[in-house]
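Student: Sequence first, then the predicted structure, then my questions.
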Amino acid sequence: MAPSITVSEYEKLNHNGRMKYMVEHGRKSKTSTSIQQDILQLSGQSLYEQLLAIQSCYGSGDVSTAIKLLSSSSSAILGNAAMKVIIRFGSDAEVLQSLNLLPVRTQMRNLQRMRNVKPSRRRQKAIDLFLDRIKGFETGDEAIYREVLPLGSEQIVRKHLPENLHVLTRTEWSRLAKYHPVFTRCIFDNWISTSRVSQTTIKDIFYLFYIWAQSDENVDLLISLIKTLNDKHSVELEEAPLQLALKRRPHEIMKIVMQSKMCPSLEYSAKFLQSLGVEELFGLGKADPHAIAQGQMYKLSLQQRQAVFESRSLLWRLSDGSISISTLRTLPEEQRVAEARRCVNLPDFKADPVKRMPYIALLPWDEAIKLQMPQIRSNDAAIRSSALRFQIESAIYDETKIGDALQLVLKNRNDQDPVRQEMTRGLAIIPAARWKTEHLADLDKIIRQALDVHDLSSTTLQNLIKVVTQILPRHTVWAVQQLRLIGKERNDIYSIPKFFNQTGLKPKKETMRELSDAMAPLLQTLIEKKQTSLLLSLRYAFAGFIVFWNEWMDAIEKVLAEEMEDLRKDRPGIRYGAEVLEILKTYRYEIYWNLIPKLVEKRSIMAKDSQVVHHVNIRRQNLLDSYLTPGDALYLEGTKSNPSCHHFFNFSHWTHTQQLLLASTSLNTINDPTAKVPIKLFYISRLSSLSFVDPKPLIELARSEIPIINETAMIALGQLDNDYGVAELLEALQDSRARIAIYALRKLFARMSRHSVLDSLKKTPMGKVTVAKEVVRLVGDLRYSEALEFLLTLEREDLHRDVRVSLVRALWCYLDHSSVWPIFFAAAQDSYVALAQVVVEIPQENLSEATEKHLLKAYLHLLQNPSAEIRQSILGHCVRNLRILDTSEILLARLEELTKSKMKTEKDLSAQAVFKIYGSSRPDLVAALFSRILHDYKALTSLFHIFTYQLSPNDKRMHKSTRLLYDLFSTDPLLVKLRLRLLFQGFPRVEPATEFRNLFHALVPDLQIDGLNQASAHLETLARTDLSIVNSLEGELGASSDEKARWLGVVCLASGIHDSSGNGWSEEKLDKLKSYQCDESLMVRGKAVFIFPPEKR
């Protein structure tokens, strides 16, 4: 006969044990009638037992119990547990039956769960059946359908998506891209090839496809999408997830960067950069100068560093002719030495030995020591110490000179501590692999002498410890002897830095095997002298290695045993127990696991340590009773400011009995007249988390005469796992508690059917403004036909204006219904700003074509509103946020009127709106606006600045308007500067840029002094993005007979030296500069002679 399920058995177990217990009995129930009866009996008891009954389904595979409980309980915890079982074991029909029992949002979560599991458990057929069921089922379900549609199979998506494509939100697009990447890619290919795509839309596309950049399967789709956008639309890639894609497809992303005009700087890996040839590297550097900047030199191979430095060394020179010392340290030896010699002999450096010393250190040792000797013998301690440090550091370039560096330290060992500090700092820089056995004797002398002096500073000692620990993996015995010596004489063994970062020397386990033998005497000394703090500090000194040091771990266990023995002597505090427990938890978890029950059993004070309580709460729930029982030595009473149950969370893993214990002590505190009010409020809130406890005490507290108590209790009722609090909160809507009750009901309503929620809200008194506002918000969120009818009926009543604002806002959920738009139109004409602002902020996503026209008509009503504040608000909205197209020109006439407004702000905003909405479709309208004020230069300048905000050379939409304005301004020679700005800011400059170059040449003769200066600034800016155009312009301008053109040729030449490919001042450019300096025009010569190329080496 199979054993029956008994409470005494499973309550002795922790949560995981109880779950396994029930799964095992579920498995046995297949052949045992008695166990089946036990499970059936559990399903008829409290929520706690019902959850155990559901858990048994994982063993039996029978979901009938789960479906029965799901249909009869309002508990969210139980519903979640039941759905997991049903999705795992139920048939498609059972899954659909269960989904029908759930609220809409819970349905959504479970559908995503069904789609996100691994393919072998994915319930795709059930998802498709659900989609077929809700397709066009009821008003309001279309929004649900759009959200769920991307979860469907590709066949369902291909069938139904086209009719919903125009109304998908950003979130829905993102979900579609996640589940159907190839199909989404095809949609965007078709869309990009047949539509005009704005920069704003492109940024939205890039935002959606960040998920593709993080997937090896889909990153190629993202790259091809970017290439398509780049080919068919001149795009700015600042918002594209190129950095994420770079990790998976570096070469493809490099090609995109090299072909793009506007691209962000990326962080390239050393491995990728080193895989490039020199020409490829320069090509990348031309598109992204950051790739071969000085700060990136350390990533390149020696051959690449040499080539990059040769091409860019002149550009990298500072004003005194030197180059950054950090850059020179990365160069191959021959280049480093040659450049260091040049810098050492610079005139500025000869007069300043402090600046010269680090460059001397880059020279060969023998040459450097001769040049450094005057500084080493200086009477100034600061100069002397720096010279010694730099000279010692130079040994890193020649390991045969490390012995000479050590002798230099010994020779100056009697100097003052600041000097010794700098010398040891230099030694610490030498890599571990350079230290040989023959160096150890001199190092021994240096350490011994340092320990003997009375003025040894902690920094100097730290430098010596760093040297020793770097050497430790290679010369273990010697290094340990030195560490023992330092620990014995200076007690600074705890200061050992982490040496485990050094890789490629020895495996950690092998290093620690050698180390443990050498460290055994020190370890024994620390144990005998009870120097526990030093013993524990070794954990940080040998962090990555400590797990392999068994002797140290054994010593830690001894410390814990002694700590526990001390606690039996009634010592009130814990000295090292908490830290020892944390060490055991990290490195010997099995011992830690077995230790916790012993601490609880012996009522050790360490059992009250926060990490022990946390462990018990998460892993060992069967030990919780001692912490919850008043009078027990481990009972967590709490303090006046700190409740006892602050240690606990995740109560769903507790037993029914344990939750009752906590509830009992919480109620005692709540009813204690001496308890502080904040403590009472904390316990009241915590009662709502105890799902297995009867909520009647909370209902009683919600009726308390103390306002702060009943308000907190009502909020707690709204947080309950089930609907037990609904009746009390609905009753509270009828009295003075309604203000709090209506907000508390929101979460509970989300778990109820829409019909039940609407019925409850219809009965709610609307006398209080706060309550009425929340009622209409809740009704609006229901999103179905009866809710809309209720709102329309309510709108016809005489409402408080703030309630009407909330009602109009609630109608956002029903924009596809024509019956709501007269309400929006009336609100748009209202003088109450808050009401009109609701219409301004109507979302523009997922709107049908008819709805978009309604929205534009609402905007027209706003533009006609008598309030200037409202008009300016909608104008600003059109300028900044308008995403829909006014193809019917609904707003055009009114915007034209407003451009003549007497209010400057309104006039400027209306002009911006005209340019934003009609700049690409009605260039004639843009030209007409300017022609009206062509000779009113003040008004023209203001309007022109507004227009140029819309311009970008990469955006072709405004090109026609720009060309018309350029021709219009050509009729007035005084407007040459405006033409110049239009040319550089609004005309495309993609090679060969014929139109741009022809117009520029024609414009040059008309330029005066200020125009030339403005052209110079434009050319310098252009050189940073389109250097090839500037270089070609220089050749054409330099050959002109017009001195203004040649003057601009000089500007182009000077701007062109910032060539990111590294050419800089080539011989050809130097010859051109000389020809300009000899030009017959004083104007050209005056510009050219004051350009000073850097001197050559």
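Tutor: Nice, I can see it.
Student: Skip the chain neighbours and tell me the closest residue to Q306.
Tutor: Nearest residue to Q306, sequence neighbours excluded (C-beta to C-beta, 6 or more residues apart in numbering): P332, at 5.3 Å. All C-beta spots, glycine's among them, are computed from the backbone N, C-alpha and C.
Student: how many other residues sit next to the one you found?
Tutor: Neighbours of P332 under the rule other C-beta atoms under 10 Å: 13.
Student: mind checking how far it is from V354?
Tutor: In this view, P332 and V354 are 27 Å apart by C-beta to C-beta, to the nearest Å.
Student: Verify the stated contact: the residue nearest to Q306 with Q304.
Tutor: No - with contact defined as C-beta atoms under 8 Å, P332 does not reach Q304; the gap is 10.3 Å.
Student: what sits against E9?
Tutor: Y21 (C-beta atoms under 8 Å, 6 or more residues apart in numbering).
Student: Repeat the analysis, applying 10 Å as the threshold.
Tutor: 3, 17-18, 21, 25 (C-beta atoms under 10 Å, 6 or more residues apart in numbering).
Student: looking at it, S1066 is touching L315, isn't it?
Tutor: No - using C-beta atoms under 10 Å, S1066 is not in contact with L315; the gap is 11.9 Å.
Student: I'd like to know how far E252 sits from P181.
Tutor: 17 Å.
Student: Equivalent analysis for P953, please.
Tutor: On the measure of C-beta to C-beta, P953 and P181 end up 33 Å apart.
Student: for H817, same thing?
Tutor: 34 Å.
Student: neighbour count winner among those two?
Tutor: Shown here are H817 and P181; by other C-beta under 10 Å, P181 has more neighbours (19 against 14).
Student: Excluding chain neighbours, give the residue nearest to the more buried one in space.
Tutor: Once flanking residues are discounted, P181 sits nearest to N218: 4.6 Å by C-beta to C-beta, 6+ apart.
Student: Burial check on that neighbour, number of neighbours?
Tutor: N218: 21 neighbours (other C-beta under 10 Å).
Student: List the contacts of it.
Tutor: 177-178, 181-182, 184-185, 209, 211-212, 245, 248.
Student: Rank those residues by pLDDT and give me only the lowest.
Tutor: Across the contacts of N218, the smallest pLDDT goes to F209, namely 73.
Student: before we move on, back to that, between the contacts of N218, which sits nearest G1035?
Tutor: A245 (38.0 Å; C-beta to C-beta).
Student: What about that closest one, how many residues nearby?
Tutor: A245: 26 surrounding residues under other C-beta under 10 Å.
Student: gap between it and I223?
Tutor: For A245, the distance to I223 equals 6 Å [C-beta to C-beta].
Student: Likewise for A927?
Tutor: 41 Å.
Student: Compare the two (neighbour count), which wins?
Tutor: Looking at A927 and I223 with other C-beta under 10 Å, you find the greater number of neighbours at I223, namely 21 against 17.
Student: For the nearest residue to R751 once chain neighbours are set aside, give its distance to F749.
Tutor: Leaving aside its chain neighbours, R751 sits nearest to P103 (5.4 Å; criterion: C-beta to C-beta, 6+ apart). Shown here: P103 relative to F749, a distance of 9 Å by C-beta to C-beta.
Student: Give the residue spans of the stretch 551-700 of the chain that score low on pLDDT.
Tutor: Applying pLDDT under 70 to the stretch 551-700 of the chain picks out residues 563-575, 637-647.
Student: what about the strands in it?
Tutor: With DSSP state E, counting those that start in this stretch, there are no strands along the stretch 551-700 of the chain.
Student: One more: the chain?
Tutor: Here the chain has no strands by DSSP state E.
Student: Would you map out the domains in it?
Tutor: Listed domain ranges for the chain are 169-263, 265-312, 549-623, 762-813, 815-918, 925-1088 (source: automatic domain parsing).
Student: Tabulate those domains in a markdown table, adding columns for distance to Q50.
Tutor: Output for the domains of the chain, formatted as a markdown table (distance: least, C-beta to C-beta, whole Å):
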| stretch | distance to Q50 |
| --- | --- |
| domain 169-263 | 34 |
| domain 265-312 | 54 |
| domain 549-623 | 18 |
| domain 762-813 | 30 |
| domain 815-918 | 41 |
| domain 925-1088 | 62 |
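Student: Of all these, which one is nearest E94?
Tutor: domain 169-263 (24.0 Å).
Student: V148 versus the nearest residue to F944 once chain neighbours are set aside, what's the distance?
Tutor: Distance criterion C-beta to C-beta, 6+ apart; nearest residue to F944, sequence neighbours excluded, is L978 at 5.6 Å. Separation of L978 from V148 (C-beta to C-beta): 54 Å.
Student: ok, the residue nearest to R751 touching D723?
Tutor: No - with contacts counted by C-beta under 10 Å, P103 stays clear of D723, the gap being 11.1 Å.
Student: what sits in contact with each of these two?
Tutor: Joint contacts of P103 and D723 (C-beta under 10 Å, 6+ apart) are 76, 749, 751-752, 756.
Student: per-residue confidence for the spatially closest residue to T459 that is not a sequence neighbour?
Tutor: Counting by C-beta to C-beta, 6+ apart, T459 lies nearest to Q421, which is 5.4 Å off, once chain neighbours are set aside. Listed pLDDT for Q421 reads 93.
Student: my guess is Q421 contacts L461, does it?
Tutor: Yes - the criterion here is C-beta under 10 Å, and Q421 meets it with L461 at 9.5 Å.
Student: Contacts only, for T330.
Tutor: Going by C-beta under 10 Å, 6+ apart, the list of residues near T330 reads 294, 296-300, 302, 305, 308-309, 324, 336.
Student: mind redoing it with 6 Å?
Tutor: For T330, the contact set (C-beta atoms under 6 Å, 6 or more residues apart in numbering) comprises 297-298, 305.
Student: That one and S831: what is the separation?
Tutor: According to C-beta to C-beta, T330 stands 69 Å off from S831.
Student: Same check on N998?
Tutor: Distance of N998 to S831, given as C-beta to C-beta: 55 Å.
Student: Kindly report the same for R979.
Tutor: Applying C-beta to C-beta to R979 and S831 gives a distance of 45 Å.
Student: ok, those two, which is more surrounded?
Tutor: Between R979 and S831, counted using other C-beta under 10 Å, R979 has the larger neighbour count: 23 against 11.
Student: Nearest residue to the more buried one in space, please, no chain neighbours.
Tutor: Per C-beta to C-beta, 6+ apart, closest to R979 is F969, 4.8 Å.
Student: Number of residues surrounding the one you found?
Tutor: F969 - counted by other C-beta under 10 Å - has 22 other residues nearby.
Student: Tell me which residues touch E514, please.
Tutor: Here E514 is in contact with T476 (criterion: C-beta under 6 Å, 6+ apart).
Student: 10 Å instead?
Tutor: 472-473, 476-477, 479-480, 506.
Student: Report the buried members of those.
Tutor: Buried subset of the contacts of E514 (neighbour count, 16 or more other C-beta atoms under 10 Å): 472-473, 476, 479-480.
Student: which of the residues in the longest helix seen in the chain are buried?
Tutor: Taking DSSP state H as the criterion, the chain has its longest helix at helix 508-528. Buried residues in helix 508-528, counted by 16+ other C-beta under 10 Å: 508, 511-512, 514-516, 518-519, 522-523, 526-527.
Student: Present those as JSON lines; the columns should include pLDDT.
Tutor: Shown next, in JSON lines, are these (pLDDT from 0 to 100):
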{"residue": "K508", "pLDDT": "73"}
{"residue": "T511", "pLDDT": "74"}
{"residue": "M512", "pLDDT": "77"}
{"residue": "E514", "pLDDT": "74"}
{"residue": "L515", "pLDDT": "75"}
{"residue": "S516", "pLDDT": "78"}
{"residue": "A518", "pLDDT": "74"}
{"residue": "M519", "pLDDT": "75"}
{"residue": "L522", "pLDDT": "74"}
{"residue": "L523", "pLDDT": "80"}
{"residue": "L526", "pLDDT": "77"}
{"residue": "I527", "pLDDT": "80"}
